[in-house]
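> fold the following.
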Amino acid sequence: MITDRITLNLALIYLNIIDSNIGSVSNIKVSSRSHYSNSGKNINSFGSLNDLRNYINSEAPLSTPMRMQCHPLSIYELKGFKIKGEKQNITITSNGSSFDVRGDISSIITTKLNEYSSKFSNVKRVFTELDPTKYISSQGGYVDCMYIQMYFGDALEEVKKLYIKYK
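Residues are numbered from 1 along each chain as shown. Take a look at the predicted model:
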């Protein structure tokens, strides 16, 4: 649950910046991947930033570092969105390692997408290090992060820092 909120809010932060500076953001697509599922990535779509914000608050509610949930752990990655600008509409999609753009793009979009990608890569690295499935695979529902602290102390400390920054 904690990495869900971190990665969803990370996308929301950068989409808000683009929305405020360029134009209205809509048709947001994010993929999700879990340590606990062999089904691969699921794509979620949101019509607006408000829809995304409501999803975050319902699916990954705000908590404190001491009450963080580490089961299930998922990671959400921004896969695309549209911007309705003054002169034209812009469509942005992820090709895995970078973003493809249809329409004229301003330097702020490029800068913000590169910043998002860099920060997402850092969270993804920590997510990969924090794979507690072998320790809690038989657990269901809530698993307190403190339960797995002894196995993943360094990774959990990094997650806590990220959570405080992006909650």
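> residues contacting stretch 76-92, please?
When contacts are defined by Cβ atoms under 8 Å, 6 or more residues apart in numbering, stretch 76-92 is touched by residues 4, 7-8, 11, 14-15, 18-19, 22-33, 43-44, 93-94, 99-105, 109, 113, 116, 120, 124. For every residue, glycine as well, the C-beta is placed using N, CA and C.
> ignore the last one, stretch 112-122
So stretch 112-122 is contacted by 7, 10, 11, 14, 17, 18, 77, 78, 92, 98, 99, 162 (Cβ under 8 Å, 6+ apart).
> in these, find the pair that's most separated.
Farthest pair in the contacts of stretch 112-122 (Cβ to Cβ) is 92 and 162. Separation: 24.0 Å.
> stretch 62-77 spans what distance, first to last residue?
19 Å (Cα to Cα, to the nearest Å).
> give me the average confidence score over it.
For stretch 62-77, the mean per-residue pLDDT is 68.
> ok so, going back, now, among the contacts of stretch 112-122, which is nearest to residue 55?
residue 11 (10.9 Å).
> my read: the closest one touches residue 31, true?
No: taking contacts as Cβ atoms under 8 Å, residue 11 lies outside contact range of residue 31: 10.6 Å.
> would you mind telling me which of those two has more residues around it?
Taking other Cβ atoms under 10 Å, residue 11 and residue 31 do not tie; residue 11 has more neighbours (23 against 16).
> in which helix or strand does the more buried one reside?
helix 2-21 (DSSP states H and E).
> name the helices or strands packed onto that helix?
Secondary-structure packing of helix 2-21 (3 or more Cβ pairs under 8 Å, 6 or more residues apart in numbering; DSSP states H and E): strand 24-34, helix 49-59, strand 74-84, helix 107-129, helix 153-166.
> quick one, which of the ones you listed is packed in tightest?
Highest mean neighbour count of those: strand 74-84, a mean of 22 (counted as mean count of other Cβ atoms under 10 Å).
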